[in-house]
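S.K.: what follows is a predicted protein model with its sequence.
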Amino acid sequence: MRLIMLGAPGAGKGTQAARLAEAYKIPHISTGDIFRANIKGGTELGKKAKSYMDQGKLVPDELVCDLVADRIAQEDCKEGFILDGFPRTIPQAEALDAALSGMNLKMDAAVNVDVPDENIVNRMGGRRACVKCGATYHVVYNKPAVEGICNTCGSELILRDDDKPETVQTRLSVYHEQTQPLIEYYEKAGILKTVDGTQSMDAVFEGIKSLLG
Ligand code: ADP
Ligand code: AMP
């Protein structure tokens, strides 16, 4: 199964991608996580990406496309993969199509997790991320067992800089301008599946599984 998770920042793509990856036993590839790991590791890529991310803007396509093309060509992606946070622009979607056709492959579905802007502000303001493993929680909807501590690895949970209210508005505008056109792109390609992302996490998960059949 080769899946794309579409939706606004904070719509629940990462939450659902992690569950789907476990259910279908395929890798969860989050470009945001890859950039954050590079920032933490002090790599050249991390240094280049950081200034865009801090401002809530997209990292340039040329820094993302080859990285994803290389990742999906790896052995563990043979049985499929879930892309979370990629593609985010039409040129990225075209680059993905080109990389896949070079391998004689196609995406099976693009799952649009549909959540209106008014819910997004609440989701992102309450999101807490683990500094070490990247797992995400919510202060109301998905609390960790111990406040401020990751259930999985025991590290500290933080509010991401780009989840602060002033950056959330920019990220939403960027989403509407640059990423939302992908909904039509994948509708035309005949692989778009839309789920109501305002439901509970379990209901969204069940909804996606039934859409995937
Ligand atoms: P994305 O990957 O799309 O940016 P996340 O999966 O990180 O979004 O979710 C954003 C925030 O909203 C997180 O704090 C997450 O725990 C919470 N969240 C995700 N799905 C739901 C849901 N269905 N109901 C309530 N909160 C949710
Ligand atoms: P995310 O974790 O998916 O919310 O991504 C966090 C940030 O990383 C985004 O706001 C962008 O700055 C950057 N980013 C992640 N994926 C991409 C992508 N496919 N294209 C451009 N920028 C990206």
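M.R.: Yep, that arrived. Keep in mind the model is a prediction, meaning the values are calculated, not measured. Numbers count the residues shown, from 1 in each chain. Ligands and ions are numbered 1, 2, ... in the order given.

S.K.: distance of A18 from ligand 1?
M.R.: Taking CB to the nearest ligand atom, to the nearest Å as the measure, A18 and ligand 1 are separated by 8 Å. From N, CA and C alone the C-beta is placed, and that goes for glycine too.

S.K.: that residue falls within a helix, correct?
M.R.: Yes. Assignment of A18 by DSSP: H, G, I helix; E, B strand; the rest coil places it within a helix.

S.K.: quick one, what contacts the residue lying closest to it once chain neighbours are set aside?
M.R.: Once flanking residues are discounted, A18 sits nearest to H28: 5.7 Å by CB to CB, 6 or more residues apart in numbering. Counting by CB atoms under 8 Å, 6 or more residues apart in numbering, H28 touches 17-18, 20-21, 81-82, 84.

S.K.: just the closest of those to ligand 2, please.
M.R.: D84 (6.7 Å; CB to the nearest ligand atom).

S.K.: now that closest one: phi and psi?
M.R.: Main-chain torsions, D84, degrees, to the nearest 10: phi -120, psi 110.

S.K.: okay but it is in contact with G14, surely?
M.R.: Yes. Counting by CB atoms under 8 Å, D84 touches G14, with 5.5 Å between them.

S.K.: mind listing the strands for this structure?
M.R.: With strands called from DSSP state E, the chain shows them at 2-6, 28-30, 81-84, 109-114, 127-130, 136-138, 157-158, 192-196.

S.K.: show me which residues of the protein are close to ligand 1?
M.R.: 7, 9-15, 123, 126-127, 136-138, 141-142, 200-201, 204 (CB under 6 Å from any ligand atom).

S.K.: hmm, which of the residues you listed are the buried ones?
M.R.: In the residues of the chain next to ligand 1, burial by neighbour count holds for 7, 9-15, 123, 126-127, 136-138, 142, 204, counting by 16 or more other CB atoms under 10 Å.

S.K.: from those residues, which two are the most distant?
M.R.: G7 and Y137 (18.5 Å; CB to CB).

S.K.: what's the overlap in contacts for D84 and G14?
M.R.: By CB under 8 Å, 6+ apart, the residues touching both D84 and G14 are 5, 30, 32.
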